[in-house]
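Predicted model follows, preceded by the sequence.
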Amino acid sequence: MRWVQAEIAALDSPDREFRELCLLQDRTYDGAAAILGLSPEVTQERDQ
């Protein structure tokens with residue numbers, strides 16, 4: 001788990017916040033996008 005947290009910490013926001021919501025708080029892509037005010041399509045494009 002520590003290596004995941006280290007990788008996430010190295011990201012810029014909003015990528016970091018998005019990954020924290022999905023991986024550490026078990027949110028869905030759509031749910032995390034809604035919390036951050038992003039469209040799910042944008043977050044999925046950034047993840048590729």
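Arrived safely, thanks for sending. Numbering: from 1, shown residues only.

hang on, residue 39 packs against residue 30?
No: counting by C-beta atoms under 8 Å, residue 39 stays clear of residue 30, with 9.5 Å between them. (C-beta placed from N, C-alpha, C; glycine too.)

what's the next secondary structure element after the host helix or strand of residue 7?
Element membership of residue 7 [criterion: DSSP states H and E] is helix 2-9. Downstream of helix 2-9, the next assigned helix or strand under DSSP H and E is helix 15-19.

Output the below-cut-off pLDDT ranges for this protein.
42-48 (pLDDT under 70).

Now the most centrally placed residue in the chain. Nearest residue, chain neighbours left out?
The residue lying closest to the centre of the chain (C-alpha atoms, centre = their mean) is residue 18, at 1.9 Å. In space, and not counting its chain neighbours, residue 18 is closest to residue 32: 5.3 Å by C-beta to C-beta, 6 or more residues apart in numbering.

okay but the one you found is in contact with residue 16, surely?
No: using C-beta under 8 Å, residue 32 makes no contact with residue 16, being 11.6 Å away.

between those two, who's got more neighbours?
residue 32 (22 against 14; other C-beta atoms under 10 Å).

how near is that one to residue 1?
19 Å (C-beta to C-beta, to the nearest Å).

same check, this time on residue 18
18 Å.

ok so, going back, shouldn't the residue nearest to the centre of the chain be in contact with residue 34?
No: Residue 18 lies out of contact with residue 34 (C-beta under 8 Å); the separation is 11.2 Å.

how many other residues sit next to residue 38?
For residue 38, using other C-beta under 10 Å, the count is 16.

whoops, I mixed them up, residue 27
Residue 27 has 17 nearby residues by other C-beta under 10 Å.

and it, what helix or strand is that in?
With DSSP H and E as the test, residue 27 turns up in no helix or strand.
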